[in-house]
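Engineer: requesting a structural model of the entry that follows:
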Amino acid sequence: MKQKKIPLRMCLGCKEMKPKRELIRVVKNNEGEINIDLVGKKPGRGAYICKSVECLEQAMKAKRLEKAFETTIDVEIYNNLKNQLEGDNG
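Structural biologist: A predicted model of the protein is given here:
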């Protein structure tokens, strides 16, 4: 029996490859809006971050989301992500 391949994605914070399910997806749609995609199904360009505040802070410091989406990221989006992570310590 063939084992199902687990999709891996790189965290923008720690730069480690991890299973997609363990990461939070941030998505940029065709209108250029940046949203947090908890289901992982929204259309658009996705970038992934571990479910840890440390990784988010690393990604913020190095402006990795900006680089991934080639646009400036509103502070509000970072705050939303941070709130999501702090509320989801499990």
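
Engineer: phi, psi of the spatially most central residue of the chain?
Structural biologist: In the chain, the residue lying closest to the centroid (C-alpha atoms, centre = their mean) is Y48, at 2.9 Å. Here is the backbone geometry of Y48 (degrees, to the nearest 10): phi -120, psi 140.

Engineer: ditto for R64
Structural biologist: phi -70, psi -30.

Engineer: tally of neighbours for it?
Structural biologist: 20 (other C-beta atoms under 10 Å). C-beta: built from backbone N, CA, C; applies to glycine.

Engineer: distance of the residue nearest to it when sequence neighbours are not counted from K5?
Structural biologist: Nearest non-adjacent residue to R64, counting by C-beta to C-beta, 6 or more residues apart in numbering: L12, 4.1 Å away. Between L12 and K5 the distance is 22 Å, computed by C-beta to C-beta, to the nearest Å.

Engineer: related to what we said a few turns ago, which residues does the residue nearest to R64 contact?
Structural biologist: Going by C-beta atoms under 8 Å, 6 or more residues apart in numbering, L12 touches 47-49, 55, 58-59, 64-65, 68.

Engineer: what do you get for R45?
Structural biologist: With contact taken as C-beta under 8 Å, 6+ apart, R45 is in contact with 27-28, 68-69.

Engineer: next one: E22
Structural biologist: Residues near E22 by C-beta under 8 Å, 6+ apart: 50-51.
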